[in-house]
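Undergrad: only geometry, no sequence info:
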């Protein structure tokens, strides 16, 4: 839920505004437990590693050399929750690689995570699969995730719901809030 996906950039996600009310409801109720992850592009393609160099050669307009730095910020409606909500930066789709998110959650003895945000078929999918690999039980809020393309958004939710049903739940925000503590 960053400005570079919400505003008119090549990575604009049209549905972001549609899922925002559900996200605000959940974050508002669980602000002390909320962690926003921010996808940080490199300064330029040469600063990226491996295959990410080719990726950022293609998306040069989305590097920090071309993109105003504030575009990586969490969107304004959610910034009001920071702090106490925390922000973890990541350089890849997954928040589990190259960072200390798992360490922080382990220290707090967290055993389950609730996932919302964008994009369903990229960062959300990477987040969910990584969380499953690390042993967390995952809840994906189906009306609080969004993607850039309806077909891949729907396919990602179907994949998660059908293939990983033992390790995760896919449910609406309303359902989650009705059963959450």
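TA: Received, thanks. This is a predicted model, so every value here is computed, not measured.
Undergrad: residue 41 falls within a helix, correct?
TA: No: Residue 41 sits outside any helix when classified using DSSP: H, G, I helix; E, B strand; the rest coil, being coil.
Undergrad: surely it meets residue 61?
TA: No: taking contacts as CB atoms under 8 Å, residue 41 lies outside contact range of residue 61: 10.0 Å. C-beta here means a position set from N, CA and C on the backbone, and glycine is covered the same way.
Undergrad: now the residue lying farthest from the centre of the chain. Nearest residue, chain neighbours left out?
TA: Of all residues in the chain, residue 46 has its C-alpha farthest from the mean position, at 25.0 Å, by CA atoms, centre = their mean. Counting by CB to CB, 6 or more residues apart in numbering, the nearest residue to residue 46 once its immediate chain neighbours are dropped is residue 53, at 6.8 Å.
Undergrad: tell me which residues in the helix or strand that contains the one you found are buried?
TA: Using DSSP states H and E, the element containing residue 53 is helix 51-58. Neighbour-count burial for helix 51-58 flags 52, 56 (criterion: 16 or more other CB atoms under 10 Å).
Undergrad: just stretch 122-136 next, same as before
TA: Taking 16+ other CB under 10 Å as the neighbour-count basis, stretch 122-136 is seen to contain the buried residues 122-132, 136.
Undergrad: first vs last residue of that stretch, how far apart are they?
TA: Across its full length, stretch 122-136 reaches 19 Å end to end, with CA to CA, to the nearest Å as the criterion.
Undergrad: can you give the contact residues for it?
TA: For stretch 122-136, the external contacting residues (CB atoms under 8 Å, 6 or more residues apart in numbering) are 37, 39, 92-97, 102, 105, 110-113, 115-118, 138, 140, 145, 147, 156, 159-160, 164, 167-168.
Undergrad: just the buried residues from those residues, in ChimeraX please.
TA: With 16+ other CB under 10 Å as the burial test, the buried ones among these are selected in ChimeraX as follows:
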select :37,39,92,93,94,95,96,102,105,113,115,116,117,118,138,140,145,147,156,160,164,167,168
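Undergrad: of the contacts of stretch 122-136, which belong to strands?
TA: Per DSSP state E, strands hold the following members of the contacts of stretch 122-136: 37, 39, 112-113, 115-118, 138, 140, 145, 168.
Undergrad: could you dump those into CSV and include distance to residue 83 and pLDDT?
TA: Converted to CSV, those look like this (distance: CB to CB, whole Å; pLDDT from 0 to 100):
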residue, distance to residue 83, pLDDT
37, 16, 96
39, 20, 94
112, 22, 96
113, 19, 98
115, 21, 98
116, 19, 97
117, 19, 96
118, 22, 94
138, 25, 98
140, 25, 98
145, 24, 98
168, 28, 96
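Undergrad: lovely, talk soon.
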